[in-house]
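Colleague: could you work out the structure for the sequence below:
(4 chains)
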There are 2 protein chains.
Amino acid sequence: MTTEDRVIASMRRMIVEGALAPGEKLTVAALATRLATGVTPVRAALKTLEAEGLVEAHPNRGAWVRRLAPDDIRNIYRLRRAVIRLLIPDVIRYISDAELEELDLLEAGFEAAVVQDASAAMAANEDFHIHLFSIARNRDAAAVMSRSWALVEALRLRLGFGPGRLARSVESHRALLVAIRRRDAAAATALAVASSDQAMEDLLHRAGEDKAGSRTALALRHAP
Amino acid sequence: MTTEDRVIASMRRMIVEGALAPGEKLTVAALATRLATGVTPVRAALKTLEAEGLVEAHPNRGAWVRRLAPDDIRNIYRLRRAVIRLLIPDVIRYISDAELEELDLLEAGFEAAVVQDASAAMAANEDFHIHLFSIARNRDAAAVMSRSWALVEALRLRLGFGPGRLARSVESHRALLVAIRRRDAAAATALAVASSDQAMEDLLHRAGEDKAGSRTALALRHAP
DNA sequence: GTTACCCTGATTCTATCAAATATGCTCGCT
DNA sequence: AGCGAGCATATTTGATAGAATCAGGGTAAC
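Modeller: The predicted model follows:
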């Protein structure tokens, strides 16, 4: 693992956890000092995070932690839904028995993590989905899902982690795996879309609540 | 315009025109020399081109011009179709009379460029589509379209520029504008999708022809 | 034939510095 | 007081040198 990867991971975590607040200016020199590294990996990391939508950059002006309005959340989830609709039928089309077993393994890992540690659970959840989408053999579409993952999970971690959220994820995964095993493309797609929509609704609901008055440090505010 | 932008534009052009061949190794130092600049803008440009799918990079190994197989073309167009289906109805929902006029202007510019210079026509075509998609107010989805634009146009320039191709683009634009003006979301979406599918078919057809024996320097080969 | 080792080229990273750019402020003018 | 021109400063962007790290190929020993 390279320094750049570490910087990306650190910055993602800091943004997700609020150590870097939405709208905060990100100066390369300050970040390099803070992360005890040079400026080169920081510059590269900012590019990656910009592509992921966590950071907003303007030429000759600098970079900021992206502020996300509720409409942005809706739009991101609608983009993901469109790509899910594209990918899941191809997953069914191409999946082999070996890959299905691999998915079962990843799901087992996820369920094991769920009962222990939320951050491990999220990592396992990401592994599960990245691998799932990779089966569709559409690298560019899978890249869209991977790129927006950090953004979505950032939101979910800050807003959508109500009690039972992870348990419902487990339910969704299991139902999806059943449909995939049956090679039922329509059912699998519907399940995946429903699961994504449910996550979106959770987020929007919490975002709405928050806007209504909570003082939690929040990723959700309308752009100035 | 910054040096980084110039490097990105130059490298895009070189890849599109074949000065940088598919599969070719891209070493930062060599590119910096060739483009008479430092390594800093080159490194940044490679990140951008990687996000666009023109370049493939592996940690600690370096970067290469991406090789594109016919399946990749199909997949990229299917991704774009999914996002078009998402965006066009929102374009209809949000478009104002002023924006419609702006689109008319851009279309006029495109048609003026068509009769003169292919490269200007492609730039104008990009302007038209970028602006069109921006109207849907879904920044992340529009970013997917923008990012894959270079890739698609790279292919089209190398493979799909048969006689009448640009004329058919003009036809498509006009029909699309009529449907948008009528606020007919279904028709507009169908037209946009059909236009994209048509471009894809053109490309695949030419790619197939080429694979069958032509000696043209080609972007299309199966990965090793 | 296989394994271990080294060597080479390239990438990656650090550490600076110079140049270009944006922004805010002061100062003078109306 | 209000306002704009010009300057000062901070930051980004670009350039450069050199160390550290890594991948891959070749060689030699086993």
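Colleague: skipping adjacent residues, who's closest to the spatially most central residue of chain A in space?
Modeller: Nearest to the mean C-alpha position of chain A, by CA atoms, centre = their mean, lies A:W149 at 2.4 Å. Residue nearest to A:W149 in three dimensions, not counting chain neighbours: A:E126, with 5.9 Å by CB to CB, 6 or more residues apart in numbering or on different chains. C-betas here are computed from N, CA, C, even on glycine.
Colleague: one step back: hmm, the residue nearest to the centre of chain A is touching A:F128, no?
Modeller: No: look at A:W149 against A:F128 with CB atoms under 8 Å: they stay out of range, at 11.3 Å.
Colleague: list the contacts of the residue lying farthest from the centre of chain A.
Modeller: In terms of distance from the mean C-alpha position of chain A, A:N60 ranks first, at 28.9 Å (CA atoms, centre = their mean). Remark: with contacts taken as CB atoms under 8 Å, 6 or more residues apart in numbering or on different chains, A:N60 is in contact with B:T2.
Colleague: against B:I130, how distant is it?
Modeller: Look at A:N60 and B:I130: by CB to CB, to the nearest Å, they are 21 Å apart.
Colleague: any weak-confidence spans in chain A?
Modeller: A:160-163, A:209-224 (pLDDT under 70).
Colleague: and it, what are its domain boundaries?
Modeller: The record's domain parsing of chain A by automatic domain parsing lists A:3-65, A:70-211.
Colleague: got those domains as TSV, with distance to DNA strand D columns?
Modeller: Shown next, in TSV, are the domains of chain A (distance: least, CB to the nearest atom of the strand, whole Å):
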stretch	distance to DNA strand D
domain A:3-65	3
domain A:70-211	20
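Colleague: contact partners for A:L54?
Modeller: Going by CB under 8 Å, 6+ apart, the list of residues near A:L54 reads A:11-12, A:15, A:65-66, A:150-151, A:154.
Colleague: quick one, phi psi at it?
Modeller: Main-chain dihedrals, A:L54, degrees, to the nearest 10: phi -80, psi -20.
Colleague: one more: A:R61?
Modeller: According to degrees, to the nearest 10, A:R61 has phi -120, psi -40.
Colleague: one step back: tell me the spacing between the residue nearest to the centre of chain A and A:A143.
Modeller: Distance, A:W149 to A:A143, by CB to CB: 10 Å.
Colleague: list the buried residues for stretch A:92-99?
Modeller: By 16 or more other CB atoms under 10 Å in any protein chain shown, the buried positions in stretch A:92-99 come out as A:92, A:95, A:99.
Colleague: quick one: the strands in chain A?
Modeller: Applying DSSP state E to chain A gives strands spanning A:25-26, A:55-58, A:62-65.
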